[in-house]
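> make a model of this:
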Amino acid sequence: MPKSHNRKRPLRLPRREPSEFRGPGRAKRWAAPLMLTCWLLGLIWVVLYYVLQQDLPFTGDLGGWNLVIGMGLIAVGFVFATQWE
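Residues are numbered from 1 along each chain as shown. As a prediction, the model looks like this:
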């Protein structure tokens, strides 16, 4: 029995428009400053809680939730770090 010939077709990928590509100038510039701001605010919040526990009226009322707020701000900074290119 004769063998059939393999017909190889060239692989054609869909073409993308040049505007779809992200160049280095089109990165999310807001991510890095927002990331650093969240990290610094979280660090300052935790340090102020430990240094001035009873002196600041709003930190004394929150108690242990101050650590949650500070670490939450730091965690939000890590979320913004994933957006930075």
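> just the buried residues of the longest helix seen in the chain, please?
Longest helix in the chain, counting residues (DSSP state H): helix 31-51. Across helix 31-51, burial judged by 16 or more other C-beta atoms under 10 Å covers A31, L34, M35, C38, W39, L41, G42, W45, V46, Y49. Every residue, glycine included, has its C-beta placed from N, CA and C.
> right, and the last one touches G70 too?
Yes - between Y49 and G70 there is a contact under C-beta atoms under 8 Å: 6.8 Å.
> need the buried residues of helix 31-51 in JSON lines (columns: distance to P14 and pLDDT).
Converted to JSON lines, the buried residues of helix 31-51 look like this (distance: C-beta to C-beta, whole Å; pLDDT from 0 to 100):
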{"residue": "A31", "distance to P14": "29", "pLDDT": "90"}
{"residue": "L34", "distance to P14": "35", "pLDDT": "94"}
{"residue": "M35", "distance to P14": "35", "pLDDT": "94"}
{"residue": "C38", "distance to P14": "39", "pLDDT": "96"}
{"residue": "W39", "distance to P14": "41", "pLDDT": "96"}
{"residue": "L41", "distance to P14": "44", "pLDDT": "96"}
{"residue": "G42", "distance to P14": "44", "pLDDT": "96"}
{"residue": "W45", "distance to P14": "49", "pLDDT": "92"}
{"residue": "V46", "distance to P14": "50", "pLDDT": "92"}
{"residue": "Y49", "distance to P14": "54", "pLDDT": "87"}
